[in-house]
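> pasting the sequence and the predicted model now:
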Amino acid sequence: RGAGKMNGNHNIAQALVQATHPGQAASRPSQSRDRVFITILFAVLSLFLLISLLVGTNAYKSINAVRTASDETRLGLSLIGNSIRANDATDAVGVAEGPEGSALVLTERLESGVYETRLYAYQGSIVEEYARADAAFTPEKAREIVKSKRFDFAYENGLLTVYTDQGSTSVALRSVGGGS
């Protein structure tokens, strides 16, 4: 009788386990398939996240490169415009022959002598050189302002416009009115 009672208790225990944990009654191959599916799903999601991260990083680098180039362009044109504004005085703006074409010459008369800020094209850049008025052009000592093969300027109705590969900048000369 004792063995029959144990067998009956075992059946009851098995029925309780099946009622409370229905998934445990599943066969071993089904559990193995579930684990493989979960592993593959995890791998696919991880790969997707990695690809998303790489695409986002490349997009950021591209956007940042465009922004940096735009900033450099604005800075170069601003430096040209500010150099002209800073030296704007009566008879201060002139033209001379530079190493590679016309140079915009901004003359400054000081107690110690006459100096020039010279803006001109040299080897694919617009450069700025500060020297005594009687000194020859020395592009090796000039400071690069912006990369540009083009450097033209025009003066019309009190407005000096400088053209480069990056665009143009215009400065209304105060000296046209007869003072600085």
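Yes, it's here.
> ok, longest helix in the protein?
Ranked by residue count and defined by DSSP state H, the top helix of the chain is helix 28-86.
> average pLDDT for that one?
The pLDDT scores in helix 28-86 average 86.
> now for the helix or strand just after it, which elements pack on it?
Using DSSP states H and E, the helix or strand that follows helix 28-86 in sequence is strand 93-98. Strand 93-98 sits against strand 101-110, strand 113-122, with contacts defined as 3 or more C-beta pairs under 8 Å, 6 or more residues apart in numbering; DSSP states H and E. Just so you know, the C-beta spots here come from the backbone N, C-alpha and C atoms, and that holds for glycine as well.
> in strand 93-98, which residues are buried?
Val93, Gly98 (16 or more other C-beta atoms under 10 Å).
> surely Tyr120 meets Glu97?
No - at 9.2 Å, Tyr120 does not count as touching Glu97 under the criterion of C-beta atoms under 8 Å.
> so which of the helices and strands packed on strand 93-98 is the most packed in?
Of all those, strand 113-122 has the most neighbours on average by mean count of other C-beta atoms under 10 Å, namely a mean of 19.
> roughly how far apart are the closest residue in space to Ala131 that isn't next to it in sequence and Val55?
Excluding the flanking residues, the one nearest Ala131 by C-beta to C-beta, 6 or more residues apart in numbering is Glu116, at 6.0 Å. Separation of Glu116 from Val55 (C-beta to C-beta, to the nearest Å): 52 Å.
> many thanks, I have nothing further to ask.
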